[in-house]
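# Sequence and predicted structure below; questions after.
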Amino acid sequence: MTAVTTTAPAGTRHRPRAATGQLAGTWTLLRLALRRDRVMLPIWVLALGGSFSSVGSSIASLYDTAAQRAGLAASMNGNSSLRAMYGPVFDDSVGGLVSWRMAAFGAVLAAVMSLIVVVRHTREEEETGRQEMLSAAMVGRRAPLTAALLTAVIANAALALVVAAGLAGAGAGGAGAVALALAVAGTGVLFACTAAIAAQFTESARLAKGLTAAVIGAAFVLKAAGDSAADDGSSVLTWLSPIGWAENVRAYADERWWVLLVLAAAVAVQAVLAYGLAGRRDVGMSFLATRPGPAQGRIATAFGLALRLQRGALTGWTLSFAVVGVAFGGLTGGAADLVGDNAKTREIFERMGGQAGLTDAFLAAMVSVLGMVAALYIVASVLRLHGEETAGRAEPVLAGAVSRTGWAAGHLVIAFGGAALLMTAGGLGLAVGYGHELPAVLGASLAQLPAIWLLGGVTVLLYGAFPRAAVAAWGVAGVCLALGWIGPAVDMPQAVMDVSPFTHLPKLPGGTGMEWGPVLTLTAVAAVLTGAGVGALRRRDVLT
């Protein structure tokens, strides 16, 4: 039920709080937030910021002549599918190609970092009851929101510095590096404000993250549709998307500094709205009423409850995989044109997808990317157990006739089975987009499951045995994603690449065919880790 602030009793004179009172305790909360995020934020900033310089070095190595870079720019701008994914190329310098490759994706990842930070220090604090205890002290009504937004601003400012410095170190500095860094960081701050608004409307941190993520996804879809229609970023759809604004800053191509003012204006409008909403509700309440579900029928079992809790996320992930699969499949037919005669680019795809023909290697590389992203789903799905426990919702369930094993199994079926559903949707999408080889592509997609399940098993073990360190599973998945995404491009040593379970999977389709040894071994290890995690959960106390 929506709750608003209480009014003064009849006969008393109402005196509104001063602005300083509304922000009392902000600096203390900011220091607390930075301390809590002292590991997570540096990892985000260094990994994301470092990827810009890595891409710059790779482009300088792969396309070391002006003619090669001009040819790449022409082929990118002439392919509507590639424009939809990466955007148009505004300049064929090394810096211009880095901006083409990283502006949109960097903006999306900065937005994801920001939404995690803001929701964690606003709605998540209220959901767990910690904010109510803090508010009993000298803490102003708007201090938590201010501290959360300042934390996001600091993180994005640090990201901008790392991006600009990294690009300068890669030989692509100057005004273009500054423009690109500000565009990415500005988009992150903008979506931090979006997350702050979402946190006012929902009582659940999970739902606040989901709403903000949906807005980010819609912004990317708008940008993709606009870029597919026009090769100069002029489409109305592109300009309707904040991610399109970051792209249209046009770093390294006669920078449009005024677009940054558009970002700043949008930040100001959303921040004012978030502050206005924060001042009109009580701690723990929201503007969207939470409807109680039935206590019988499909949610009367552990599995039914888990399905009800996770079906929205599973549906969204599945649809996204199907759409992305179709997009990747549409690029496959032009893989040869994309690579051209560049032997170094061909080597990268072969390192990612095996030594088969270029088309099969490209398909295998895209399947591997889908698998690594699906690993993020299984980590999030397993950690839903941790969220239910820390929020105090697991204890009433376990107080009834539900065992810990049964409760955990309900969520784990959704996590591990959902990963299989995602890879099926992605494989079907790839085959539909490519128009050929449905059985081979679908089989290649499902062959990624042992590595995905192994990371799910690691998450279960961390949650069951070391619940307070369960979030470290995100770091494990992030390392595997970075190795798979950046490792082949920079030719990392094989010993380092072997850290990721995805390295050990057969490169399908094509290659030498199915290799059952690694598949069965990874599956067995995943089962052992999962069993050990569930066993540890049965023996430990419930978090309070």
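Happy to help now that I have it.
# Just list the residues touching the most centrally placed residue in the chain, thanks.
The centroid of the chain falls nearest to Val112 when counting by Cα atoms, centre = their mean (5.2 Å). Applying Cβ atoms under 8 Å, 6 or more residues apart in numbering to Val112 gives the contacts 213, 216. C-betas here are computed from N, CA, C, even on glycine.
# One more pass at 10 Å, please.
With contact taken as Cβ atoms under 10 Å, 6 or more residues apart in numbering, Val112 is in contact with 44, 48, 188, 191, 195, 209, 212-213, 216.
# Ala380 now?
Residues in contact with Ala380 (Cβ under 10 Å, 6+ apart) are 206, 209, 310, 313, 317, 387, 415, 418, 459, 473-474, 477.
# Of all the residues in stretch 46-61, which ones are buried?
Residues 47-49, 51-60 are the ones in stretch 46-61 that count as buried (16 or more other Cβ atoms under 10 Å).
# And for stretch 523-533?
So stretch 523-533, judged by 16+ other Cβ under 10 Å, has buried residues 523, 525-526, 529-530, 533.
# go on, stretch 171-181?
Neighbour-count burial for stretch 171-181 flags 172-173, 176-181 (criterion: 16+ other Cβ under 10 Å).
# Over to stretch 104-111?
Within stretch 104-111, judged by 16+ other Cβ under 10 Å, the buried ones are 104-111.
# Would you mind extracting the C-alpha trace of that stretch into PDB?
C-alpha atoms of stretch 104-111 as PDB (Å, rounded to 0.1, in the frame of the first residue of the first chain):
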ATOM      1  CA  ALA A 104      27.100   1.900 -26.900                       C
ATOM      2  CA  PHE A 105      28.300  -1.200 -25.000                       C
ATOM      3  CA  GLY A 106      30.400   0.900 -22.600                       C
ATOM      4  CA  ALA A 107      27.300   3.100 -22.000                       C
ATOM      5  CA  VAL A 108      25.200   0.100 -21.300                       C
ATOM      6  CA  LEU A 109      27.700  -1.400 -18.900                       C
ATOM      7  CA  ALA A 110      28.100   1.900 -17.100                       C
ATOM      8  CA  ALA A 111      24.400   2.000 -16.700                       C
END
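# Show me how far it is from its chain's centre.
9 Å (Cα atoms, centre = their mean, to the nearest Å).
# what's the model's confidence in it, averaged?
Confidence over stretch 104-111 (mean pLDDT, whole number) is 90.
# Stretch 425-445 now?
85.
# Any chance you could give me it in PDB, C-alpha atoms only?
Extracted C-alpha coordinates of stretch 425-445, given in PDB (Å, rounded to 0.1, in the frame of the first residue of the first chain):
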ATOM      1  CA  ALA A 425      16.200 -20.000 -27.300                       C
ATOM      2  CA  GLY A 426      19.600 -18.500 -28.400                       C
ATOM      3  CA  GLY A 427      20.400 -21.500 -30.600                       C
ATOM      4  CA  LEU A 428      17.100 -21.400 -32.300                       C
ATOM      5  CA  GLY A 429      17.500 -17.700 -32.800                       C
ATOM      6  CA  LEU A 430      20.900 -18.200 -34.300                       C
ATOM      7  CA  ALA A 431      19.600 -20.800 -36.700                       C
ATOM      8  CA  VAL A 432      16.700 -18.700 -37.700                       C
ATOM      9  CA  GLY A 433      18.800 -15.700 -38.300                       C
ATOM     10  CA  TYR A 434      21.400 -17.600 -40.300                       C
ATOM     11  CA  GLY A 435      18.800 -19.700 -42.200                       C
ATOM     12  CA  HIS A 436      20.800 -22.900 -42.100                       C
ATOM     13  CA  GLU A 437      22.100 -25.800 -39.900                       C
ATOM     14  CA  LEU A 438      19.400 -25.800 -37.200                       C
ATOM     15  CA  PRO A 439      20.400 -29.200 -35.600                       C
ATOM     16  CA  ALA A 440      24.200 -28.300 -35.600                       C
ATOM     17  CA  VAL A 441      23.700 -24.800 -34.200                       C
ATOM     18  CA  LEU A 442      21.200 -25.900 -31.500                       C
ATOM     19  CA  GLY A 443      23.500 -28.700 -30.500                       C
ATOM     20  CA  ALA A 444      26.400 -26.300 -30.300                       C
ATOM     21  CA  SER A 445      24.300 -24.000 -28.000                       C
END
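# Run the chain-centre distance for it.
Using Cα atoms, centre = their mean, the offset of stretch 425-445 from its chain centre is 24 Å.
# so where's the stretch 51-200 of the chain shaky on pLDDT?
81, 128-137, 139-140 (pLDDT under 70).
# how about the helices in it?
Remark: helices assigned in the stretch 51-200 of the chain by DSSP state H, counting those that start in this stretch are 66-77, 80-86, 94-121, 123-128, 130-135, 143-169, 175-201.
# ditto for the stretch 301-450 of the chain
Taking DSSP H, counting those that start in this stretch as the criterion, the stretch 301-450 of the chain carries its helices at 302-332, 335-339, 343-353, 358-390, 394-398, 404-434, 438-446, 449-465.
# most packed of those?
Of the helices of the stretch 301-450 of the chain, the one with the most neighbours on average (mean count of other Cβ atoms under 10 Å) is helix 449-465, at a mean of 26.
# quick check: angle from that one to helix 404-434?
Here the directions of helix 449-465 and helix 404-434 differ by 150 degrees (axes from the mean of the first three to the mean of the last three Cα atoms, to 10 degrees).
# How far off centre is helix 449-465?
Here the centre of helix 449-465 is set off from its chain's centre by 19 Å, with Cα atoms, centre = their mean.
# so what does it touch, helix or strand wise?
helix 358-390, helix 404-434, helix 472-490, helix 516-539 (3 or more Cβ pairs under 10 Å, 6 or more residues apart in numbering; DSSP states H and E).
# Pull the CA coordinates from that helix and hand them back as PDB.
Below are the C-alpha coordinates for helix 449-465, written out as PDB (Å, rounded to 0.1, in the frame of the first residue of the first chain):
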ATOM      1  CA  LEU A 449      25.600 -26.000 -20.600                       C
ATOM      2  CA  PRO A 450      28.300 -27.900 -18.700                       C
ATOM      3  CA  ALA A 451      30.400 -24.800 -18.300                       C
ATOM      4  CA  ILE A 452      27.300 -22.700 -17.400                       C
ATOM      5  CA  TRP A 453      26.200 -25.300 -14.900                       C
ATOM      6  CA  LEU A 454      29.700 -25.400 -13.400                       C
ATOM      7  CA  LEU A 455      29.600 -21.700 -12.600                       C
ATOM      8  CA  GLY A 456      26.100 -22.300 -11.200                       C
ATOM      9  CA  GLY A 457      27.600 -25.000  -9.000                       C
ATOM     10  CA  VAL A 458      30.300 -22.600  -7.800                       C
ATOM     11  CA  THR A 459      27.600 -20.100  -6.800                       C
ATOM     12  CA  VAL A 460      25.600 -22.800  -4.900                       C
ATOM     13  CA  LEU A 461      28.800 -23.800  -3.000                       C
ATOM     14  CA  LEU A 462      29.600 -20.200  -2.100                       C
ATOM     15  CA  TYR A 463      26.000 -19.600  -1.000                       C
ATOM     16  CA  GLY A 464      25.700 -22.700   1.000                       C
ATOM     17  CA  ALA A 465      29.100 -22.700   2.700                       C
END
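# quick one, what contacts the closest residue to Ala415 other than its chain neighbours?
Distances taken as Cβ to Cβ, 6 or more residues apart in numbering place Ser381 nearest to Ala415, at 3.6 Å, with adjacent residues excluded. Contacts for Ser381 were tallied using Cβ under 10 Å, 6+ apart; they are 306, 310, 313-314, 317, 411-419, 456, 459.
# Now tabulate the helices and strands packed on helix 449-465 in JSON lines and tack on distance to Ala229.
Listed next are those as JSON lines, based on distance: least, Cβ to Cβ, whole Å:
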{"stretch": "helix 358-390", "distance to Ala229": "24"}
{"stretch": "helix 404-434", "distance to Ala229": "19"}
{"stretch": "helix 472-490", "distance to Ala229": "28"}
{"stretch": "helix 516-539", "distance to Ala229": "42"}
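# so which of those helices comes closest to Tyr252?
Among those, the nearest to Tyr252 by Cβ to Cβ is helix 472-490 (20.3 Å).
# Next SSE downstream of that closest one?
As assigned by DSSP states H and E, the chain's next helix or strand after helix 472-490 is helix 494-497.
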